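Visitor: Need coordinates for the below:
(4 chains)
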4 protein chains.
Amino acid sequence: MRNLINIGVIGYGYWGPNLVRNFSEIPEVQVKTICDLNPKLLVKAQSRYPTVKVTTDCREIFTDPKIDVVAIATPVSSHFDLAFKALQAGKHVLVEKPLTTSSQQALRLIEEAEKRNLVLMVDHTFIYTGAVRKMREIIANNGLGEIYYYDSVRVNLGLFQHDVNVIWDLAVHDLSIMNYVLPSEPVAVSATGINHVFGEPENIAYLTLFFESNLIAHIHVNWLAPVKLRRTLIGGNQKMIVYDDLEPSEKIKVYDKGIVVNGSSESVYQMLIGYRTGDMWSPKLETTEALLTEALDFINCIKQGKRPVTDGEAGLRVVRLLEAATQSMKKQGQLVEINLVEVAA
Amino acid sequence: MRNLINIGVIGYGYWGPNLVRNFSEIPEVQVKTICDLNPKLLVKAQSRYPTVKVTTDCREIFTDPKIDVVAIATPVSSHFDLAFKALQAGKHVLVEKPLTTSSQQALRLIEEAEKRNLVLMVDHTFIYTGAVRKMREIIANNGLGEIYYYDSVRVNLGLFQHDVNVIWDLAVHDLSIMNYVLPSEPVAVSATGINHVFGEPENIAYLTLFFESNLIAHIHVNWLAPVKLRRTLIGGNQKMIVYDDLEPSEKIKVYDKGIVVNGSSESVYQMLIGYRTGDMWSPKLETTEALLTEALDFINCIKQGKRPVTDGEAGLRVVRLLEAATQSMKKQGQLVEINLVEVAA
Amino acid sequence: MRNLINIGVIGYGYWGPNLVRNFSEIPEVQVKTICDLNPKLLVKAQSRYPTVKVTTDCREIFTDPKIDVVAIATPVSSHFDLAFKALQAGKHVLVEKPLTTSSQQALRLIEEAEKRNLVLMVDHTFIYTGAVRKMREIIANNGLGEIYYYDSVRVNLGLFQHDVNVIWDLAVHDLSIMNYVLPSEPVAVSATGINHVFGEPENIAYLTLFFESNLIAHIHVNWLAPVKLRRTLIGGNQKMIVYDDLEPSEKIKVYDKGIVVNGSSESVYQMLIGYRTGDMWSPKLETTEALLTEALDFINCIKQGKRPVTDGEAGLRVVRLLEAATQSMKKQGQLVEINLVEVAA
Amino acid sequence: MRNLINIGVIGYGYWGPNLVRNFSEIPEVQVKTICDLNPKLLVKAQSRYPTVKVTTDCREIFTDPKIDVVAIATPVSSHFDLAFKALQAGKHVLVEKPLTTSSQQALRLIEEAEKRNLVLMVDHTFIYTGAVRKMREIIANNGLGEIYYYDSVRVNLGLFQHDVNVIWDLAVHDLSIMNYVLPSEPVAVSATGINHVFGEPENIAYLTLFFESNLIAHIHVNWLAPVKLRRTLIGGNQKMIVYDDLEPSEKIKVYDKGIVVNGSSESVYQMLIGYRTGDMWSPKLETTEALLTEALDFINCIKQGKRPVTDGEAGLRVVRLLEAATQSMKKQGQLVEINLVEVAA
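Guide: Got it, this is the predicted structure:
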């Protein structure tokens, strides 16, 4: 491989400019081509990056032998097609979240990347934040004790999607974070939701996720909230975390709180439950922009032939949860088990 | 009826002292007798109210002809028995929330009170707060437009109950508020939850409530949270409310925010959704202690032979939701319709 | 001394009821007499405490040989007179803050108490809160390093006083806390302020206090603020505290933040200043009501012949600062040195 | 004048990149040359803006006949020299705040600009925010009644300056906002402060500003605070504003609160003061980036020969306050009158 890695970026709408900006900050990387169907966005891209080639035809990226890497930031429905073509053209691929619109598609991308020995990465950006990494570290070091629950709220006004419901747009963040920080994965889901605009996908949804252990998770997402909330509670039997992504600096607070269960209650048939309150601690967090950390990790995996943390499998596991949740939501909360068919070796 | 109304209070644990304190502040009311099974609590009551009679035998209240009114603040499982005996003894009755442990019991109390022409009131305290009354007023005056959703979070560390799950302890507040402020009532519920102490009732629960209209409600209750949260979002198609009961003064905020749906989108099959943001307004609220307002209303209903806002029917409607939610929770979210069998006339 | 300590309380307006309530909770203490010039308040006191004697004539307290202790919660202007008479009558004395309206008066009370071997205590309530005690402990253990500044804001709408300005009403709290937690005391003050109601005392004031060391303190008090604020910043060269008394639980936050000064800058005449950010820590605090802790300490000092933390000297030191600040405020900020004339031994 | 306005920007450190970015977004404007003494910053500028000319010699800007406008974002001590040379070269000038290090310098710039009929603007950015404009509008429409006080806090950790004290760095914002929103200007100042790094300028300061009317202002600035605070209280006799610039959306809150003074008190010599509490209102604010609004206004003034809101006079008025405050601070709070010598016509 050449020393300079050339990247083609497909999609220059909401997220694409962030990809371009961050890849541009890495010395050994060059954004060579930007593709978007909207010529107005290309004018903007060209004015901002005069030396980059712009095009409305993504084939110019796939067929360019100098391009090693394709980053895809288009609507979800086009992810599979574009990613598959990029892999077939021998490019390493970074795909905006969620990876695909179905687990079957995700499986095919994983197989194609494996076959061709290419890096397939899904852009679960939050995994690369200091806050989420710190939570994983705390939990991995048994800092909370046995995990009892994971509860997340992600609501705001805006960015209604037309091709996917709010679960695929917002809950995808919570599910990827949850899978990353918790020691186990859900086995079933009950979801409810509603759409308030006729003919459009659901804009409010509630997901309860069940695990084999004594753990429960819940995710609340809403495109129609008057205030922006980004708060996750993680309860353990020893300590508990409050993660508020909107806090400017103390995003993670660890509370030394919990209950003390004592069997020898006055009444033989009742537990005596006491409450324990100690200090609160807010650890210092790494503040590098998550997308830059992610881009660096992506480039590093390409150079060293390693798999990224948010590889195709991570993307697939999240897509399976999204599928199951959407299925349950259609049946007003009926339990749906997570399809655990594994990737063929 | 005598000018002075004599009250007997049964239960002097967590809530009873608040009842006694507030009834004591009403000039035409006298707390005559306090009953509790725990003699230590009676010592405390006596020291605080030297002129009140204390007893461990509640029959002393039922059989006292001078007592007109019985207020019951005991564990839920004893509500029906005590309230029924009080009604049979010809007393007006105020019962701590929830009214009973089953809708059948609630129906029998309602019938007994009706038969004897006695006031039966359930202590849904929040209904008597300035904040909840203001929300009802705003919504009744069409201040939010068509209501889209009602979302409530009530979590904290503590006060695990042994005889009822967290729905019957905490969600009862949200359900009573919801029934009071919304223009319609739920027809079905999907609930999930879990218990983390072996053999004890569920300490975390999530309820989704469905309505005949395009409205959805959700309630999140948890006895095991590191922080105390009391926040309700009510979204309408014109305005939205954030109700935070922990705010010292601005408990209600009304946001002039929403979406604008325009059918004439560029693509014929897609809606064009715009976002609208205007001023926020936080109305001045009545600050009288809710329990005093409630006690005054109760006394007033007795004197004037009227039905209180939180009458037996209001208590029954909430108990039905609690029953259905618990049933759904046992089946991991399976939809349960609300039993709408009405009180026999 | 008898086992039961009898207390007479003078003043049953805003603060008196809190004194009576807390002293009533101590088993070995009995509130024997309550005195107030307003008969309506005495009716209230009698109804709440049927066995207490009430009177409008405080001589009934001074001349009662069974009364050992007098607690004074009257307007500031009467403190000296009442306290002096109580001491002359051989009673131990607790005086509401500020101790007196002048340091001369404070000195005379101290001398009188010393001469008669009586306990003289000033009710600097905040000193007995868990938060303030924790701050003193942290600073005493060198937890912040060298102290750089103490900055406090105490503003709200209301309780305009007629006999003293806002410094004597609100800043007295901050000065007593500051004197308690800091290792040294101010030597000079510059104060500014204004009154907005003709003929009334100043309702806004700003105090800057200078120390012999490289430390500065500032206090902002205001009776006419739209929001209630109670926040103190204490900056050290190693760590810093934010103390927010309105926080329900995390009142104290210790930030591991600061600057790193490096003399070997590129330019010979400039310091190179770096910024250091670490974890934040919020220690668990004692939650006993401060006034109960204070009352217990007072009783304990009486029984054991010890001096309380908030003794007459502590009261005097604060009164000196109040005097100097008021003097400076009259001269629009002109520096006034603190009168350091000590109490005659 | 040509249709395209060419700009030279001097200083590409902290603020310069923001100027370049915003001017670049205006179609009729072109950033032609960027000058900085630090070649590393020029490499950064060149990489970001490949078509811009970069130089370490600002004379290349002054002597370029195609450059119409010079924007200066260098350390304060160089403002006068650079701005004066730019004016002498016939360029319109935008200078970073504060305008100069002395009012004499500011006067000379104003005269030079006037003589040559050039636009001289000072970059008081906050004046162009939606929040500050809304406050001015509210106050101008008598929305608060008579103004009683203006109280501002601007503290954070960091960006110690070496050539100016914290007043010239942070209080300059508050003074420019205050001058813009209040109906009158201060006549005297009492200031205190301290430096905690030997040989460096003061890093904490407190300013009290006196007016001819019954109005007081206070500004608290600090480079060494553990938390970032940006809060201003403006009290009127009818309503009060809380302006918190760190709030994501509700930056301005207008409280319908105040006191009611009634002369006919029970005691002839005392006022009866009542408290009034009504609704709170948070108006929608314009959200355009302030610096873009400012840049557009600057260009507009150049094209139409008008004076900007933050013209040289506005800059001068602030510099006079900074001078007086610094002088008072050296004398530990001694009152300094504002030099009101006017610009020679």
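
Visitor: just the helices in chain A please.
Guide: Assigned by DSSP state H, the helices in chain A fall at A:16-24, A:39-48, A:59-62, A:79-88, A:103-116, A:130-140, A:166, A:172-181, A:290-304, A:312-330.

Visitor: And the longest strand anywhere in chain A, what does it pack against?
Guide: Taking DSSP state E as the criterion, chain A has its longest strand at strand A:224-236. When contacts are defined as 3 or more CB pairs under 8 Å, 6 or more residues apart in numbering or on different chains; DSSP states H and E, strand A:224-236 sits against helix A:130-140, strand A:147-157, helix A:172-181, strand A:240-244, strand B:147-157, strand B:224-236, strand B:240-244, strand B:252-262. Where C-beta positions appear, they are placed from N, C-alpha and C, glycine not excepted.

Visitor: Next, the angle strand A:147-157 makes with that strand.
Guide: 170 degrees (axes from the mean of the first three to the mean of the last three CA atoms, to 10 degrees).

Visitor: Strand A:224-236 to strand A:240-244, inter-axis angle?
Guide: Using the same axes, to 10 degrees: strand A:224-236 against strand A:240-244 is 150 degrees.

Visitor: the inter-axis angle of strand A:224-236 versus strand A:252-262?
Guide: Using the same axes, to 10 degrees: strand A:224-236 against strand A:252-262 is 50 degrees.

Visitor: For strand A:224-236, could you pull out the residues that count as buried?
Guide: A:224-227, A:229-236 (16 or more other CB atoms under 10 Å in any protein chain shown).

Visitor: ok, the residues you listed vs chain D, which is closest?
Guide: Nearest to chain D out of the buried residues of strand A:224-236 is A:V227 (CB to the nearest CB; 8.3 Å).

Visitor: and stretch A:306-320, what's its mean pLDDT?
Guide: Mean pLDDT, computed over stretch A:306-320, is 97.

Visitor: And for stretch A:73-82?
Guide: Mean predicted confidence for stretch A:73-82 is 97.

Visitor: For the residue most central in space within chain A, what are phi and psi?
Guide: Nearest to the geometric centre of chain A sits A:H124, at 3.3 Å (CA atoms, centre = their mean). Dihedral angles of A:H124 (phi, psi; degrees, to the nearest 10) stand at phi -90, psi 80.

Visitor: Contact partners for it?
Guide: Neighbour list for A:H124: A:97, A:172-173, A:176-177, A:180, A:310, A:314-315, A:318 [criterion: CB atoms under 8 Å, 6 or more residues apart in numbering or on different chains].

Visitor: and chain C, which of those contact it?
Guide: Residues of those in contact with chain C (CB under 8 Å from any CB of the partner chain): none.

Visitor: want to throw those into CSV with neighbour count and distance to D:G193?
Guide: As requested, the contacts of A:H124 are arranged in CSV below (neighbours: other CB atoms under 10 Å in any protein chain shown; distance: CB to CB, whole Å):
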residue, neighbour count, distance to D:G193
A:K97, 23, 50
A:V172, 27, 51
A:H173, 23, 46
A:S176, 25, 49
A:I177, 26, 45
A:Y180, 19, 48
A:T310, 28, 50
A:A314, 20, 54
A:G315, 28, 56
A:V318, 29, 54
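
Visitor: nearest to D:I252, of those residues?
Guide: A:H173 (31.2 Å; CB to CB).

Visitor: For the closest one, which non-adjacent residue is spatially closest?
Guide: Leaving aside its chain neighbours, A:H173 sits nearest to A:F126 (5.5 Å; criterion: CB to CB, 6 or more residues apart in numbering or on different chains).

Visitor: before we move on, what about A:V70?
Guide: With sequence-adjacent residues excluded and distances taken as CB to CB, 6+ apart, A:V70 is closest to A:A86, at 3.9 Å.

Visitor: Pull the contacting residues for the one you found.
Guide: Contacts for A:A86 (CB under 8 Å, 6+ apart) come out as A:61-62, A:70, A:72, A:93.

Visitor: cool, and A:V261?
Guide: Contacts of A:V261 by CB under 8 Å, 6+ apart are A:271-274, B:197.

Visitor: pLDDT weak spots in chain A?
Guide: Counting by pLDDT under 70, the low-confidence segments of chain A come to A:1-2, A:263-271, A:340-345.

Visitor: cutoff 80 now
Guide: Where chain A drops to pLDDT under 80, the residues are A:1-3, A:262-272, A:339-345.

Visitor: for chain D, what are the nearby residues on it?
Guide: A:50-51, A:228, A:246, A:248.

Visitor: mind running it again at 10 Å?
Guide: Within chain A, the positions near chain D by CB under 10 Å from any CB of the partner chain are A:24-25, A:47-51, A:226-228, A:246, A:248-250.

Visitor: And A:L335, how far from A:T208?
Guide: Using CB to CB, to the nearest Å, we find A:L335 at a distance of 9 Å from A:T208.

Visitor: So which of those two has more stuff around it?
Guide: A:T208 (31 against 19; other CB atoms under 10 Å in any protein chain shown).

Visitor: what's the spacing between the nearest residue to the more buried one once chain neighbours are set aside and chain C?
Guide: Nearest residue to A:T208, sequence neighbours excluded (CB to CB, 6+ apart): B:T192, at 3.9 Å. Plainly put, B:T192 is 29 Å away from chain C if you go by CB to the nearest CB, to the nearest Å.

Visitor: just A:S282 next, same as before
Guide: From A:S282 to chain C the distance is 4 Å (CB to the nearest CB).

Visitor: Hmm, that residue is touching A:S249, no?
Guide: Yes - with contacts counted by CB atoms under 10 Å, A:S282 reaches A:S249, the gap being 8.3 Å.

Visitor: what is in contact with those two at once?
Guide: C:255, C:280 (CB atoms under 10 Å, 6 or more residues apart in numbering or on different chains).

Visitor: Between these two, tell me which one has more neighbours.
Guide: Neighbours per residue (other CB under 10 Å) separate A:S282 from A:S249, with A:S282 holding more: 20 against 15.

Visitor: Name whatever forms a beta bridge with that one.
Guide: Counting by DSSP bridges, A:S282 forms beta bridges with C:M280.

Visitor: which residues touch it?
Guide: Contacts of A:S282 (CB under 10 Å, 6+ apart): A:242, A:247, A:249-254, C:250, C:253, C:255, C:279-282.

Visitor: do that again at 6 Å, thanks
Guide: Contacts for A:S282 (CB atoms under 6 Å, 6 or more residues apart in numbering or on different chains) come out as A:250, A:253, C:280.

Visitor: Need the contacts of A:H124 in a markdown table (columns: distance to D:I299).
Guide: Listed next are these as a markdown table, based on distance: CB to CB, whole Å:
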| residue | distance to D:I299 |
| --- | --- |
| A:K97 | 41 |
| A:V172 | 43 |
| A:H173 | 41 |
| A:S176 | 45 |
| A:I177 | 45 |
| A:Y180 | 48 |
| A:T310 | 45 |
| A:A314 | 49 |
| A:G315 | 47 |
| A:V318 | 48 |
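
Visitor: Can you pull the domain assignment for chain A?
Guide: Under the assignment automatic domain parsing, the domains of chain A span A:5-126+A:290-310, A:129-285+A:323-337.

Visitor: give me the number of residues near the nearest residue in space to A:R133 that is not next to it in sequence?
Guide: Nearest residue to A:R133 in three dimensions, chain neighbours excluded: A:E286, at 6.9 Å (CB to CB, 6+ apart). Here the number of neighbours of A:E286 (other CB under 10 Å) works out to 12.

Visitor: does A:E286 really touch A:A131, like I thought?
Guide: No - A:E286 is beyond contact range of A:A131, at 8.7 Å (criterion: CB atoms under 6 Å).

Visitor: Which residue does the stretch 1-150 of chain A have closest to chain B?
Guide: Residue nearest to chain B within the stretch 1-150 of chain A (CB to the nearest CB): A:Y148, separated by 5.0 Å.

Visitor: Oops, could you answer that again for the stretch 51-200 of chain A instead?
Guide: A:S190 (3.0 Å).
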